[in-house]
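**Q** coordinates only, sequence not included:
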């Protein structure tokens, strides 16, 4: 196992520990259920959200299979085609992952009790506009985009490029759906926030 393998394993571990830790804290200490996947959704919207969640799980498994150099692969061998394999690309991939994780941690700090997975119609948290959210309206999606693309640069195979492109497209679609939900939920305060802070980064 080399440095790049360790980086991939560490990124998955950190991600899962942060999610599990935050969810446990909100559930046990604040009596808040932060998991609202598929809440209030039907048909196409429900299908996309469930597919996106399942895709993330499958992707993380594939990342670990690559990092541990397992012979087993979820997808057929043609998708293992090597597209790039260079030290500079791998180092850029590591840098993107580290940057993404820093953004992810800052987002969870800024979220406080308002973090949710999915649309929580029954008990939404307060609108968060401070901290990292003063720079990006969607820092967790920025993290995911950096993470997916960083993993592709480290491994350089077709399957991870497909996942990265698909993740960016699906997440952008999810952001657009969330904007409709948040505007309906928070009204003018969210409209003002949207006017001054960029969807991904900037003002």
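**A** Now that the structure is in, tell me what you want to look at. This one's a predicted model, so the numbers in the text were calculated from it and none came from an experiment.
**Q** Which residue lies nearest the spatial centre of this protein?
**A** Nearest residue to the geometric centre of the chain (CA atoms, centre = their mean): residue 144, 3.4 Å.
**Q** and it, how far is that from residue 150?
**A** Distance of residue 144 to residue 150, given as CB to CB, to the nearest Å: 11 Å. From N, CA and C alone the C-beta is placed, and that goes for glycine too.
**Q** any residues in contact with both of the two?
**A** Common contacts of residue 144 and residue 150 (CB atoms under 8 Å, 6 or more residues apart in numbering): residue 100.
**Q** Pretty sure the residue nearest to the centre of the chain sits in a helix.
**A** Yes - under DSSP: H, G, I helix; E, B strand; the rest coil, residue 144 sits within a helix.
**Q** my read: it touches residue 100, true?
**A** Yes - using CB atoms under 8 Å, residue 144 is in contact with residue 100, at 7.5 Å.
**Q** For residue 171, see how far away the residue nearest to the centre of the chain is.
**A** According to CB to CB, residue 144 and residue 171 sit 6 Å apart.
**Q** One more: residue 56?
**A** 10 Å.
**Q** Over to residue 137?
**A** Taking CB to CB as the measure, residue 137 falls 13 Å from residue 171.
**Q** more neighbours, the two?
**A** residue 137 (23 against 18; other CB atoms under 10 Å).
**Q** Ramachandran angles for that one?
**A** Main-chain dihedrals, residue 137, degrees, to the nearest 10: phi -80, psi -20.
**Q** Report the contact partners of it.
**A** 193, 194, 197, 198, 199, 200.
**Q** make it 7 Å
**A** For residue 137, the contact set (CB atoms under 7 Å, 6 or more residues apart in numbering) comprises 194, 197, 198, 199.
**Q** my guess is residue 33 is in a strand, correct?
**A** No - assessed with three-state DSSP, residue 33 is coil; it does not lie in a strand.
**Q** who are the neighbours in contact with it?
**A** Contacts of residue 33 (CB under 7 Å, 6+ apart): residue 27.
**Q** The protein: strands as residue ranges?
**A** Taking DSSP state E to define them, one finds strands in the chain at 35-36, 117-118.
**Q** Can you tell me which helix or strand of the chain has the lowest average pLDDT?
**A** Between all helices and strands in the chain, the lowest mean by mean pLDDT, DSSP states H and E belongs to strand 117-118, at a mean of 64.
**Q** So the residue nearest to the centre of the chain versus residue 164, what's the distance?
**A** Going from residue 144 to residue 164 by CB to CB gives 10 Å.
**Q** Kindly report the same for residue 44.
**A** Distance from residue 44 to residue 164, by CB to CB: 23 Å.
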